[in-house]
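A.B. asks: coordinates only, no sequence provided:
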């Protein structure tokens, strides 16, 4: 690849936007050339417009760009959307209508029937919805979304086991504070505490999981959701990055433990085959230690793009149980979207 | 009651022992007159023998007592055991053999067929095992145990629902660090982190729950465990006091949500009827707020003796799900044992 | 005392207001009968108007009161002000003008020359400013203030040593998050972190300390500030309650270490002599342990009203150094104001 | 450099040893070929002998090495010492006597008159003690030490200001838990808490600072300590990595603020000139933000090798005050020792 593809970021000054800038810094294929945010920031240099909340400082390249308003037409074809859900619905549609490829982390269009809710290792076939989406909506551009930060981890735990016929899954999350953005969770609410509720999160985990693990039905041109029941209990814990998820899972026919372990060990997919730049060597890393994965010790490994699974064992109620960990702002947000864009590029969708 | 009953504490210098001293300070029925610990501490004043780890300082009355060795015969009839599991098995038997009433927080004898694993609001009938225990073992004394700190919370969530025919329960714990004693969990392992494993804890929760919720069968002179499958996922989180537990529960026949709520609202038992000194007004407190209970805000309420339940709602996999909170070192340890002793006193077992 | 004195709280729904309600719950002299807050809350029952942020729930008595607007004339004579600094200046003056005794925790009038900045153990003589204040301003009411939460601790460390002629003090604070109100500090900024800056705090500590430790000059009718140089470094740390302060202090003539210790041990003052209800038995508690005081273990002791001092030792740069701890929302805010009102009552200022 | 220099690590299984392995992984000059630890670990593969406490896993290269006992003669000439102070004194001497170059992080020999206490940016001239050390002790090898983790930060704050004639410094530390090793600080002691005492730390900061900033006197062949008074208050806070230090400093003649800032901005030294591999581009990074540096956001920057200084301002008691941050396990331990070895290599001391 001689020249890098120019990309833009919608909602660049928010916390998710900052994660996009950080994750894309030094990316071999993509180069940020355009940043957009609300009127309040427009016209300012990014380095001045943004109160940078992540460790370190804003990447030099991005810091010098002038922030523009979120209006289609001016930025590059490929834009990542880090917009807040309160505005993402409208703006993303305008950009897709205006010919942009919108790779979004926002929740607004995830459950639209003609919008792929994409996890490249799991459901790359869902990109086949794009022609339908463009035809139905009369767009030259498109919208592709990635799941909620806790959903990614759950689906990566379940995907390798899909061949065994998943019927039920009960998941409890222990979610990091970075998932709530900035200012997000008040310290008085979470220091030395647990908050056993995250608005809308359980519904998202339940529905998105079924869609992601569903099959694209060519005849009907639609996704048939996985016919499994999923139940989520979502909790916030005083951890900075990395969502931990305990999972109990039941199958049509219970596989042997060795089969489950082998399914994880051997799980590879298109991003690995095509060696996409952000693809982890192994999408699911099976840990042997009895007390791992742990967010502070494991979430940053493999650049935050792998999901770590440990303690796979029999469940007295369903069939097996295990604990998993995913980096919520990387694999669960910015990194997920970038990997989606890489897959789309490798499919020729960015041409 | 004119004079308070003298009680002793085995393992008084450890962290659980300290919780006993703190909880018994000012108790209307019981007065600590005897403290025992390992050889290392024996002969010293308690205030000097102990590195006090709890907030504040050791209660004045106890601080002045001389620590003795853990040998039966010298202390008062009623002794609370805060012994470490590595020595509790033997020592507690010696004390029971020597005529002492041993009210233990240790795990060693919990699953013995003739030892009550007592939660006064749930299974006071299990005290009927005592005559059998004394006859079988040839003891004048006895051993009564309380459950593991996370089991108490789970059983209090389930007990009011037992009439609906519990068949399955999946529980995930978010356990406080105080449950691991002192020095317990290294700060390098838990600050900003989650540890998804606690040795032996899941097995304890699964087995103890079945025993506690089981029925005493007079004919056979034994406890028939609750024939429900229980699955636990145990995690440590950076919280000081208070174990949070998410629970999904299934029934023989699914009750209406209103019936479940009513079961919690109306749940009262013998400790409340007899107004035992440490009994909470309501053993289970149903919270209305959408994001409660929370350990730092709720665990200390009602003197740490109530279990708080919130977010009771339908579960897509089992029938209902909810979140619960119990104070692990009070309702889950020292307070549990003291309430057991109060029940035993009210039953005439201390005469 | 036959009937309790009715009191009101301005800014009752904010976090400081909540601390007032909690601290006054069950107070032997004062009974909250009137709550005022912004327009937004006015007309609602307090229990509905307030998102309660403290542990437990709002006191029953207060929860049933109807919140009114902050307008003088309607409430009882004595009102505690928990108003935000953005509005406290004006409103408190209106209440004082309207005949109310305003006992304020807000910073606005602390440095006014005719307003006592009161710490009852230290400078009760400053109440002599009141006649001047009333005359100058033409008020029937009055305003009395308490210091900033970290200033209280520093002044209590210094006050017993004032007889030795304090010339210099360098203080570094490690302040709890509760000092920043709600939502206050974002969890992303403080979990596992230190913030080495708190807006305006260092200036407050430096100036308020000089005023509090200053002498009332009857002839001039003014406070002559302590002619000592004070330097503060203020930091936020992930602690819930309790400000820790390290102090190095220099004197005109260096006393012996034994004299310093004796000054702390023997320090008692008017609140102790008059046995004011909120007065701690000892305003400064000298700790012997080598690693105390500690906020999570000591701040709540003595109902949060004592200041704990430990590690008094020689300082190679100034004369002595030590570490101190005070409960920032009790001794540093609500409790401070209530103790001020108790002192004023005992002086006949509430008649 | 064609072939990398082989190095060994003494005390490789402890937490400091682990930091050495992590920091040296991929080092351009040094290659770990030999690991030594206590008898207990000797003979095992490192990957099996060590309970790895850091994030991620042990570096592959090191994990496969067989751990040997700490006996001189077998390992490479250059050995880094991560030994515990209880054994470091003796063992390091044996290795130096045996011809090894011992670059130590342990405290035992730091204050020996003939042992350099080296900070390459500050006192490279102190290496001139080596011939004396070898002559006096009859060694072919040598011992060079790096300072205590909090001392490094303080000396880096002071060194650029040395030309102004430092006379006094008062420092308060807010130290991370990783500085205490493993298991180190019990979580029950530090979660939501501050411990205002670290054994021996204040003395070390006071003495080591004077030595490091002292001058090598060629005539006397000794270090003349900086004739400044230094006072330290040391505290542990719930932060994982990065020691924050507040500093007030006084001078013979107070410089202008602009001079102080310029001294920091222009501070460069031999490691930068020689571009030693672990040297940060700027040893002291002056931050402009009003609330920085912060440990969780800044400690890892510049590979943990820079010291960050912020909030330089006038001090009412001494002349200036500021806050600084250094990564305690990198710049304050493993990285410090490696930079020392790099300097020594560049001086020809490893030939």
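C.D. replies: Alright, I've got the coordinates. Model, not experiment: these values are computed from the prediction.
A.B. asks: spell out which residues make up each domain of chain A.
C.D. replies: A:5-148+A:334-346, A:149-327 (automatic domain parsing).
A.B. asks: just send those domains back as TSV, with mean pLDDT, mean neighbour count and distance to chain B too.
C.D. replies: Using the backbone N, CA and C atoms, a C-beta is placed for each residue, glycine as well. Shown next, in TSV, are those (pLDDT from 0 to 100; neighbours: other CB atoms under 10 Å in any protein chain shown; distance: least, CB to the nearest CB, whole Å):
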stretch	mean pLDDT	mean neighbour count	distance to chain B
domain A:5-148+A:334-346	97	21	13
domain A:149-327	98	21	4
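A.B. asks: so can I have a markdown table of these showing distance to residue B:151?
C.D. replies: Output for those, formatted as a markdown table (distance: least, CB to CB, whole Å):
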| stretch | distance to residue B:151 |
| --- | --- |
| domain A:5-148+A:334-346 | 33 |
| domain A:149-327 | 15 |
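A.B. asks: nearest to residue B:265, of the ones you listed?
C.D. replies: domain A:149-327 (19.8 Å; CB to CB).
A.B. asks: pull up the distance across the closest one, start to finish.
C.D. replies: The straight-line separation of the ends of domain A:149-327 (CA to CA, to the nearest Å) is 8 Å.
A.B. asks: let me see the contact set for residue A:230.
C.D. replies: With contact set as CB atoms under 8 Å, 6 or more residues apart in numbering or on different chains, residue A:230 has these partners: A:154, A:168-169, A:171, A:205-206, A:209-210, B:316-317.
A.B. asks: strands along the stretch 51-200 of chain A, start to end?
C.D. replies: A:67-69, A:78-81, A:101-104, A:142-145, A:166-175 (DSSP state E, counting those that start in this stretch).
A.B. asks: what does the stretch 251-351 of chain A put close to chain D?
C.D. replies: A:296-298, A:300-301 (CB under 8 Å from any CB of the partner chain).
A.B. asks: and the two most separated of those?
C.D. replies: Among these, A:296 and A:301 lie farthest apart (CB to CB), at 11.3 Å.
A.B. asks: shared neighbours of these two, which are they?
C.D. replies: residue D:55.
A.B. asks: can you check the pLDDT for residue A:4?
C.D. replies: Per-residue pLDDT puts residue A:4 at 93.
A.B. asks: relative to chain B, how far out is it?
C.D. replies: As judged by CB to the nearest CB, to the nearest Å, residue A:4 and chain B stand 35 Å apart.
A.B. asks: from what I see, that residue and residue A:26 are in contact.
C.D. replies: No: Residue A:4 is beyond contact range of residue A:26, at 10.4 Å (criterion: CB atoms under 8 Å).
A.B. asks: single out the residue in the stretch 201-350 of chain A that lies closest to chain D.
C.D. replies: residue A:297 (4.7 Å; CB to the nearest CB).
A.B. asks: that residue: which element?
C.D. replies: helix A:295-298 (DSSP states H and E).
A.B. asks: other SSEs contacting the very next helix or strand once past that helix?
C.D. replies: The element immediately downstream of helix A:295-298 (helix or strand, assigned by DSSP H and E) is strand A:307-314. Applying 3 or more CB pairs under 8 Å, 6 or more residues apart in numbering or on different chains; DSSP states H and E, one finds that strand A:307-314 contacts helix A:149-158, helix A:257-266, strand A:284-286, strand A:320-326.
A.B. asks: circling back: how about TSV for the residues of the stretch 251-351 of chain A next to chain D, with distance to residue C:285 added?
C.D. replies: Converted to TSV, those look like this (distance: CB to CB, whole Å):
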residue	distance to residue C:285
A:296	37
A:297	40
A:298	44
A:300	44
A:301	48
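A.B. asks: need the residues you listed in a markdown table (columns: distance to chain C).
C.D. replies: Converted to a markdown table, those look like this (distance: CB to the nearest CB, whole Å):
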| residue | distance to chain C |
| --- | --- |
| A:296 | 9 |
| A:297 | 14 |
| A:298 | 16 |
| A:300 | 14 |
| A:301 | 19 |
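A.B. asks: ok, those vs residue D:321, which is closest?
C.D. replies: residue A:296 (32.8 Å).
A.B. asks: spit out the contact partners of the spatially closest residue to the closest one that is not a sequence neighbour.
C.D. replies: Counting by CB to CB, 6 or more residues apart in numbering or on different chains, the nearest residue to residue A:296 once its immediate chain neighbours are dropped is residue B:193, at 3.9 Å. Contact analysis of residue B:193 by CB under 8 Å, 6+ apart lists A:239, A:294-297, B:238.
A.B. asks: repeat that for residue A:13.
C.D. replies: Residue A:13 neighbours (CB under 8 Å, 6+ apart): A:35, A:37-38, A:41, A:46, A:49-50, A:67.
A.B. asks: now do residue A:143
C.D. replies: Residue A:143 neighbours (CB under 8 Å, 6+ apart): A:92-93, A:96, A:102, A:104, A:109, A:112, A:115, A:133.
A.B. asks: cool, and residue A:79?
C.D. replies: By CB under 8 Å, 6+ apart, residue A:79 lies in contact with A:7-10, A:34, A:36, A:95, A:100-103.
A.B. asks: what's the separation between the closest residue to it other than its chain neighbours and chain C?
C.D. replies: Sequence neighbours aside, residue A:8 is the residue nearest to residue A:79 in space, at 4.2 Å (criterion: CB to CB, 6+ apart). Look at residue A:8 and chain C: by CB to the nearest CB, they are 25 Å apart.
A.B. asks: what helix or strand is residue A:280 on?
C.D. replies: Using DSSP H and E, no helix or strand contains residue A:280.
A.B. asks: correct me if wrong: it contacts residue A:306.
C.D. replies: Yes: counting by CB under 8 Å, residue A:306 is a contact partner of residue A:280 at 4.0 Å.
A.B. asks: now residue A:244. Its backbone dihedrals?
C.D. replies: phi -100, psi 140 (degrees, to the nearest 10).
A.B. asks: quick check: it touching residue A:325?
C.D. replies: Yes: using CB under 8 Å, residue A:244 is in contact with residue A:325, at 5.2 Å.
A.B. asks: mind listing the shared neighbours of these two?
C.D. replies: With contacts taken as CB under 8 Å, 6+ apart, the residues that reach both residue A:244 and residue A:325 are A:293-295.
A.B. asks: how about CSV for these, with distance to residue B:287 added?
C.D. replies: Listed next are those as CSV, based on distance: CB to CB, whole Å:
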residue, distance to residue B:287
A:293, 32
A:294, 30
A:295, 28
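A.B. asks: closest one to chain C out of these, please.
C.D. replies: residue A:295 (11.6 Å).
A.B. asks: among the contacts of residue A:13, name the ones in strands.
C.D. replies: Using DSSP state E, the subset of the contacts of residue A:13 located in strands is A:35, A:37, A:67.
A.B. asks: residue B:19: which of these is nearest?
C.D. replies: The closest of these, once distances to residue B:19 are taken by CB to CB, is residue A:37, at 52.7 Å.
A.B. asks: what is that closest one paired to in the beta sheet?
C.D. replies: residue A:69 (DSSP bridges).
A.B. asks: close enough to count as contact, it and residue A:18?
C.D. replies: No: at 11.1 Å, residue A:37 and residue A:18 do not qualify as touching, with contact defined as CB under 8 Å.
A.B. asks: enumerate the residues of the stretch 251-351 of chain A near chain C.
C.D. replies: Counting by CB under 8 Å from any CB, the stretch 251-351 of chain A has no residue next to chain C.
A.B. asks: try the stretch 1-150 of chain A
C.D. replies: Looking at chain C, the residues of the stretch 1-150 of chain A close enough under CB under 8 Å from any CB are A:15, A:53.
A.B. asks: by proximity to chain D, which residue of the stretch 1-150 of chain A wins?
C.D. replies: Closest point on the stretch 1-150 of chain A to chain D, by CB to the nearest CB, is residue A:55, at 4.7 Å.
A.B. asks: ramachandran angles for residue A:57?
C.D. replies: According to degrees, to the nearest 10, residue A:57 has phi -130, psi 170.
A.B. asks: still on that earlier bit, for residue D:139, find the nearest of the domains of chain A.
C.D. replies: Comparing those by CB to CB, domain A:149-327 comes nearest, at 40.7 Å.
A.B. asks: how distant is that closest one from the center of its chain?
C.D. replies: Relative to the centre of its chain, domain A:149-327 is centred 11 Å away, using CA atoms, centre = their mean, to the nearest Å.
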